[in-house]
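> Give me coordinates for this.
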Amino acid sequence: MIDSKLIQLLRVLDKKQYRKLRAFSKVNLFNTKEQVSILFDYFAKSSCVPLFDDRRKLRKQLIYQKVFKQKNYSDQKMRTLMSNALKVVRQFIVMEQLQENQDIQHDLLLEFYSKANLKRHFIDELEAYYKWNENLNLLSTTNLYTNFKFSVFESSFMSNQEQLDEQMPFEAVFKALDLYYYAIQLRYACNLQLRQFVQKVVNPLPQIHELYQNVATNDLLFHQPIIRLYYYILSFLIHEDGEKYFKEYINLLKEKAAEMENNHKYEFFNYAFTFAILQINKGLLNYNEPLLELYKDALQMNALYEGQFIPSATFRNIVTHGLRVKAFDWLTIFIDEYHHQLPPEQRNDAYQFNLAKLHFAQKQYDKALELLLQINYVDRHYQIDAKRLLCKIYYEQEAISALEAALDSLYMMMYRDQTLAERTIQNNRNFVLLMRRLVKILPSEKERLQDLLEMVHNTTLLAERRWLLEMIEGEL
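Coordinates of the predicted model:
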């Protein structure tokens, strides 16, 4: 039973939700099977909630005895019980979602009033729907969809009332549909074009080019802020002179961010982060300061949150860029104040590792080592990064024996852990191989150093390329 669909679904409920489920199952309107309520009570009283991981307590035969008070086990009755319980849980989830989603509540009431031809009720609900949507004041594709539904309900009701054609707001329906349709297309086009941009494929697909031109020549579309934001994203991803579009995008984003939910802020800022990082990686250092300012603005606007937390990758990118521009004082405050906003399962790894990186960049090797050697890593990718950082510290300290041991440890991890992505394995193996070459070259062997420099430039998959180049160039 522990692997059943019922148990899988119950595991996603927290203790508060489970208490509500037990109360829900005791209401005859939602559940007429007393055994289902007894089953849910058993789970609570036997401490199965919320993990549902005790196989002994979840044995079908034991549960059957507790629920039916019978010793002779019937698999058919047990299957029926589990099926009925699953239906109740699903219905509970639907009711919970319905209570939390006012948009759906308005939709259902408007549809009912329209079909029942209840004019006064419909008008009152339509006004309530409009005020609710207006009060949200959110800039998103969801908001455009809500406006479209609003106009559809209005025109549908007027049609049922047999109003004259000139009174029916068909034009508003088509306008709202156009805005929503183009916004959704642009959103997908931007996602696709960003992937192509990362892969250095600049020319857009014909469909994206046609969409782009349609928006550029349509004033109605272009004056809708969310459509204009997506248009600017496509512009700086498509055009070689993307910087001017990037600046226009940033100005509009800062102006409109207050009208967005945090998850939409994160989406739009993330486009800017990714583009700026890729430009810096191309050697366009004029993006260094704008990117740091973007991170600071995003922090102030709560635009770094994906759900409840700042993603670990975003946190690391901020630290990496802050180190690149030597914003050490600001980074010290950032790491201390914002590491609490990381996902709990990655929080300690991310905090200790990024703080160690900051100490390393400031040549505070002992502090960095102390942090790196005391972490019991949960995330193996942080563990890999920490091993590389140890290698860098030992090299800069000229602790060759410790460096060789650290390189061996990293290489063996790549050899043993077959669950790692091939790209990760090759990046780190090549780092180890080139580090071993570097250690064996004397400072006076300039020709060998120059050959190694070219090798670092030409190796496709290589972790810590920038640092390796700095170390080799420092010897030349």
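> Determine the three-state secondary structure at residue 430.
helix (DSSP: H, G, I helix; E, B strand; the rest coil).
> what's the spacing between it and residue 43?
Residue 430 is 52 Å from residue 43, where distance means Cβ to Cβ, to the nearest Å. Bear in mind the C-beta positions are built from the backbone N, C-alpha and C, glycine included.
> And residue 96, by the same measure?
18 Å.
> buried set for the helix or strand bottoming out on mean pLDDT in the chain?
Of all helical and strand segments in the chain, the minimum by mean pLDDT, DSSP states H and E falls on helix 141-160, at a mean of 76. Across helix 141-160, burial judged by 16 or more other Cβ atoms under 10 Å covers 141, 143-158.
> Then stretch 15-25?
17-18, 21, 24-25.
> Give me the contact list for that stretch.
10, 13, 30-31, 36-37, 40-41, 43-44, 49-50, 88-89, 92, 95-96 (Cβ atoms under 8 Å, 6 or more residues apart in numbering).
> Show me the shaky parts of the stretch 101-250 of the chain.
Applying pLDDT under 70 to the stretch 101-250 of the chain flags the ranges 134-138, 158-169, 202.
> one more time with 80
For the stretch 101-250 of the chain, the stretches with pLDDT under 80 are 130-143, 145-147, 150, 152-172, 199-204.
> isn't residue 5 right next to residue 85, touching?
No - at 10.2 Å, residue 5 does not count as touching residue 85 under the criterion of Cβ atoms under 8 Å.
> follow-up on the earlier one: filter the contacts of stretch 15-25 down to just the buried residues.
Buried among the contacts of stretch 15-25 (16+ other Cβ under 10 Å): 10, 13, 31, 36-37, 40, 43, 49-50, 88-89, 92.
> Point out the least confident member of the residues you listed, please.
Looking at those by pLDDT, the weakest one is residue 50, with 86.
> backbone phi and psi for it, please?
Main-chain torsions, residue 50, degrees, to the nearest 10: phi -100, psi 0.
> Also residue 309?
Dihedral angles (degrees, to the nearest 10) for residue 309: phi -130, psi 160.
> Buried residues, stretch 358-378. List them.
If you call a residue buried by 16+ other Cβ under 10 Å, then stretch 358-378 has these buried ones: 358-361, 365, 368-369, 371-372, 375, 377.
> quick one on the thing from earlier: of residue 5 and residue 85, give the one with the bigger neighbour count.
The neighbour comparison of residue 5 against residue 85 (other Cβ atoms under 10 Å) goes to residue 85, with 25 against 12.
> does that one really touch residue 6, like I thought?
Yes - the pair residue 85 and residue 6 passes the contact test of Cβ under 8 Å, sitting 5.6 Å apart.
> all helices of the stretch 101-250 of the chain, in order?
For the stretch 101-250 of the chain, the helices defined by DSSP state H, counting those that start in this stretch occupy 102-116, 119-136, 141-160, 170-198, 206-216, 219-222, 225-238, 243-256.
> just those: most buried one?
Mean neighbour count (mean count of other Cβ atoms under 10 Å) peaks for helix 225-238 among the helices of the stretch 101-250 of the chain, with a mean of 23.
> Does anything pack onto that helix? Which helices or strands?
Here helix 225-238 touches helix 170-198, helix 206-216, helix 219-222, helix 243-256, helix 262-281, going by 3 or more Cβ pairs under 8 Å, 6 or more residues apart in numbering; DSSP states H and E.
> Tell me, domain by domain, which residues of the chain belong where.
Annotated domains of the chain cover 5-100, 137-284, 308-378, 386-476 [automatic domain parsing].
> And these: which comes nearest residue 126?
domain 137-284 (6.5 Å; Cβ to Cβ).
> quick one: that closest one to chain centroid distance?
Counting by Cα atoms, centre = their mean, to the nearest Å, domain 137-284 is centred 20 Å from the centre of its parent chain.
> all numbers from here: first residue = 366
Got it, the first residue is 366 from now on, which makes the last one we talked about domain 502-649.
> Generate CSV for the domains of the chain, with distance to residue 471 as supplementary columns.
Formatted as CSV, the domains of the chain follow (distance: least, Cβ to Cβ, whole Å):
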stretch, distance to residue 471
domain 370-465, 11
domain 502-649, 9
domain 673-743, 26
domain 751-841, 46
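> what's the burial count for residue 448?
12.
> That one is in what secondary structure piece?
helix 440-465 (DSSP states H and E).
> so that helix versus helix 467-481, what angle?
Here helix 440-465 runs at an angle of 90 degrees relative to helix 467-481 (axes from the mean of the first three to the mean of the last three Cα atoms, to 10 degrees).
> Which elements pack onto helix 440-465?
helix 370-375, helix 380-390, helix 399-410, helix 425-433, helix 467-481.
> Buried ones in it, by neighbour count?
Going by 16+ other Cβ under 10 Å, helix 440-465 has these buried residues: 443, 446-447, 449-451, 453-454, 457.
> can you tell me which of those lies nearest to residue 839?
For those, the nearest to residue 839 is residue 454 (63.1 Å; Cβ to Cβ).
> Report the contact partners of that closest one.
Counting by Cβ under 8 Å, 6+ apart, residue 454 has contacts 371, 374-375, 386.
> who touches the closest residue to residue 762 other than its chain neighbours in this structure?
In this structure, residue 762 finds its nearest non-sequential neighbour in residue 730, 5.7 Å apart by Cβ to Cβ, 6 or more residues apart in numbering. For residue 730, the contacting residues are 724, 758, 761-762, by Cβ under 8 Å, 6+ apart.
> ditto for residue 472
residue 514.
> Could you check how sure the model is about the helix or strand harbouring residue 832, as an average pLDDT?
Using DSSP H and E, residue 832 maps to helix 830-840. For helix 830-840, mean pLDDT rounds to 93.
> Cool, thanks, signing off.
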